[in-house]
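S.K.: Give me a 3D structure for the following:
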Amino acid sequence: MAYIFPVNGKEPVLGNNCFVAPNATIVGDVEMGNDCSVWFNAVIRGDVNSIRLGNKVNVQDGAVIHCTFEKTKTLVGNNVSIGHNAIVHGCVIDDNVLIGMGAIVMDNVHVGSNSVIAAGAVVLENTVVEAGSIYAGVPAKKVKEVSQELINGEIHRIANNYLQYSSWFKDLPK
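M.R.: Here you go, the predicted structure:
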C-alpha cells in the first residue's frame, strides 16, 4: 500500500487517472495533475515546502522530489519524465522535459521547456537551463540543442509510454 499522508495539516492531492506504486511515498503539500505516475520506491516529500506536478508527469523508480524549508518550492510542468533514481530538489521544471536516470537538479534551477538533463548530470544551484537544450556532465553544461526528432522521439514517447505502463498496474491493491 502506497504511503500517502498529511504533514502539518497539508495532505497530498492527486489528479484523475494517477498511478502510485504500492511502495511509493507521497507526503505533505503535494499536488499533482492528471495522468501522473509515481513508481516503485519513489518519494515525493512536501513536508518542508510545496511540490506541484502538472499533467502526465512520471516519477520513475527510486526518484526523489523534495524542496528546502522556507526557501525553495518544486514546480514541475506537464509531460515531464523524471528518470530512475533522479533527484529533483527545490527547482522549476517547465513542460516537455526529460530528467535522465540518476541526474540531480538542485535548488533554484530553472529547466526550460523541451529540454533534456542527461543521465548522471548534476545541475548546480541557480543554473538556468536554456529551453530546447541538452545539459550533461558534472557540473552540467549545455552540450547541444534538442532536435524536433528528440522532442517527439524521446520526450513525448517516454511520457506516453509511462501513461501506458501505469494502465497495466490499475488492479494492484491500494
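S.K.: Distance from the chain centre to stretch 131-147, please.
M.R.: For stretch 131-147, the distance from its own C-alpha centre to the chain's C-alpha centre is 18 Å (Cα atoms, centre = their mean, to the nearest Å).
S.K.: now swap in stretch 155-174 and tell me
M.R.: Distance, centroid of stretch 155-174 to centroid of chain: 15 Å (Cα atoms, centre = their mean).
S.K.: So which residues make contact with the helix or strand bottoming out on mean pLDDT in the chain?
M.R.: Within the chain, confidence by mean pLDDT, DSSP states H and E is lowest for helix 148-150 among all helices and strands, at a mean of 89. Helix 148-150 is contacted from outside by 116, 134, using Cβ atoms under 8 Å, 6 or more residues apart in numbering. (C-beta placed from N, C-alpha, C; glycine too.)
S.K.: cool, stretch 4-18 as well?
M.R.: By Cβ under 8 Å, 6+ apart, stretch 4-18 touches 20, 25-38, 44, 46-47, 55, 166.
S.K.: related to what we said a few turns ago, can you point out the buried residues in the least confident helix or strand of the chain?
M.R.: For helix 148-150, the neighbour count (16 or more other Cβ atoms under 10 Å) marks Leu150 as buried.
S.K.: Stretch 66-78 too?
M.R.: 66-67, 72-78.
S.K.: Between these, which sits nearest Met101?
M.R.: Nearest to Met101 among these, counting by Cβ to Cβ, is Val76 at 16.8 Å.
S.K.: That closest one against Asn55, yeah?
M.R.: No: using Cβ atoms under 8 Å, Val76 is not in contact with Asn55, being 10.3 Å away.
S.K.: So what pairs up with the most centrally placed residue in the chain in the strands?
M.R.: With distances taken as Cα atoms, centre = their mean, Ile82 lies nearest the centre of the chain, 4.1 Å away. Taking DSSP bridges, one finds Val59, Ile99 as the beta-bridge partners of Ile82.
S.K.: quick one: it from Gly102, how far?
M.R.: Per Cβ to Cβ, to the nearest Å, Ile82 is found 11 Å from Gly102.
S.K.: what's the overlap in contacts for the two?
M.R.: With Cβ under 8 Å, 6+ apart, Ile82 and Gly102 have no common neighbours.
S.K.: Wait, Ala86 touches Gly100, no?
M.R.: Yes: judged on Cβ under 8 Å, Ala86 makes contact with Gly100 at a distance of 7.0 Å.
S.K.: The two: who's more crowded?
M.R.: Ala86 (25 against 20; other Cβ atoms under 10 Å).
S.K.: I am finished for the moment; much appreciated.
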